[in-house]
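Trainee: just the structure for this:
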Amino acid sequence: MRQIADGIIYVGVNDHELDLFEGQYIVPNGMAYNSYVIVDEKIAVMDGVDGNFGDEWIANVQEALDGRTPDYLIVQHMEPDHSASITVFMDKYPEAVIVGSVGAFNMMQNYFGTKFEGRNMVVKEGATLSLGSKELTFIAAPNVHWPEVIFTYDAADKVLFSADAFGKFGALDVEEDWDCEARRYYFGIVGKFGAPVQKVLAKAAKLDIKTICPLHGPILTENLEHYIGQYQTWSAYEVETPGVVIAYSSVYGHTKAAVELLAQKLEEKGCPRVVVTDLARDDQAEAVEDAFRHGHLVLATTTYCGGVFPAMDQFIHHLLDHAFQNRKVAFMENGSWMPAATKGMRALMDKCANITYAQNNVTVKGSLNDDSRAQIDALAEEFATLD
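Mentor: Residues are numbered from 1 along each chain as shown. Now for the predicted structure:
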């Protein structure tokens, strides 16, 4: 347990058993499922945890309560890594009332077969809940990143409980850089929903916030302008770090050789940052993060079955699924007899908003020759200045 502010206690758990968050994101340092107890004349518990840790969570809650009984369970987000333990809590504390949005109770019906009728309190934007000296205000945050989400603001302590916003991968007993894993988390989990994030950030800007308590990752108490600024940049799909990402797939090494030559030329011409990722071997979630972080993207792949190599096709669909936009894109294709990958990649990328295409692209027919090397030189010249 950890005291966050006067009467606000952390009661979450760390999960080092999980290998894939949401069944797809590698989490080498596990996950934290955060929960908080607010102790006043009345007591509110903020969100549950994953169902595998319900008993540990209840034990933490009991320790924080020190013999008292909770009055409310506030449910900000119904994703099962937070909501699966709701029934455990409600069985343990039969007098407690659940507080949540209409959408949250509809989801409870779907998950548990009940909306806890007679024990529920539906709240909307601007609704308040008095615990005594602390009055909580609820902020609708639909599609950040599920439609039922609410934030909660404690004006007395200037604490914003932000649901999944400002979260990150990684358990709390592991030291790691916030930006890296928060960025990968954001673009993987929240990235498609930039417009809703912008709306809720505008609401948050009107509040005096000293502490942010997310449902994943560390409690944020210092340099809040950095974290909020990162969310502003990410949700507006702006470039965070000028540079070129070269995402490639290669069968026999010829496309890889062309990619390595391009990376070398970019660095020689003064490009401040070049990131190269092998889509068949590297974590594609990292590649997606890099593509959103930087302003220029080169997609390089082999023609396969008359189209796009599967690893590249999958990567571009990841970009589409997460609303990739506002970037400059170039293509590099390889084909021993009939190169066709650029056509397929371009057709997919045309579905993205506000994409600027490079004037120079590269076609390799088998292995590098003078013609394809000249094309690489031209692309490096165009992209090195990051215009």
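Trainee: contacting residues for the closest residue to Arg2 other than its chain neighbours?
Mentor: Spatially, and ignoring its direct neighbours in sequence, Arg2 is nearest to Tyr10 (4.1 Å; Cβ to Cβ, 6 or more residues apart in numbering). All C-beta spots, glycine's among them, are computed from the backbone N, C-alpha and C. The neighbours of Tyr10, taking Cβ atoms under 8 Å, 6 or more residues apart in numbering as the test, are Met1, Arg2, Gln3, Ile4, Asn34, Ser35, Tyr36, Ile219.
Trainee: per-residue confidence for the last one?
Mentor: Right, the one you point to is Ile219. Ile219 is assigned a pLDDT of 97 by the prediction.
Trainee: surely Phe105 touches Val122?
Mentor: Yes. Using Cβ atoms under 8 Å, Phe105 is in contact with Val122, at 6.5 Å.
Trainee: so between the two, which is more surrounded?
Mentor: Between Phe105 and Val122, Phe105 has the larger neighbour count (other Cβ atoms under 10 Å), namely 21 against 14.
Trainee: and the more buried one, what is it in contact with?
Mentor: Phe105 makes contacts with Ile98, Lys115, Phe116, Asn120, Val122, as judged by Cβ under 8 Å, 6+ apart.
Trainee: could you report the distance from the residue nearest to Arg2 to Tyr153?
Mentor: Distance, Tyr10 to Tyr153, using Cβ to Cβ, to the nearest Å: 18 Å.
Trainee: same deal with Lys328?
Mentor: Separation of Lys328 from Tyr153 (Cβ to Cβ): 39 Å.
Trainee: one more: Phe331?
Mentor: Going from Phe331 to Tyr153 by Cβ to Cβ gives 47 Å.
Trainee: filter the contacts of Phe105 down to the ones in strands?
Mentor: Counted as lying in strands by DSSP state E, out of the contacts of Phe105, are Ile98, Asn120, Val122.
Trainee: among those residues, which one sits closest to Ser162?
Mentor: Minimum distance to Ser162 across the ones in strands among the contacts of Phe105 is 19.6 Å, recorded for Ile98 (Cβ to Cβ).
Trainee: quickly run through the sheet partners of the top strand by length along the chain, with directions.
Mentor: Criterion DSSP E: the longest strand present in the chain is strand 296-304. Each strand paired with strand 296-304, and its direction, by DSSP bridges: strand 244-248 (parallel), strand 307-308 (antiparallel), strand 328-334 (parallel).
Trainee: shaky segments in the stretch 151-300 of the chain?
Mentor: Of all residues in the stretch 151-300 of the chain, none has pLDDT under 70.
Trainee: all helices of it, in order?
Mentor: Counting by DSSP state H, counting those that start in this stretch, the stretch 151-300 of the chain has helices at residues 178-185, 194-204, 224-235, 254-268, 284-293.
Trainee: make CSV from those and add mean neighbour count and distance to Asn14 to it.
Mentor: Putting those into CSV (neighbours: other Cβ atoms under 10 Å; distance: least, Cβ to Cβ, whole Å) gives the following:
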stretch, mean neighbour count, distance to Asn14
helix 178-185, 21, 14
helix 194-204, 17, 26
helix 224-235, 16, 21
helix 254-268, 19, 38
helix 284-293, 22, 21
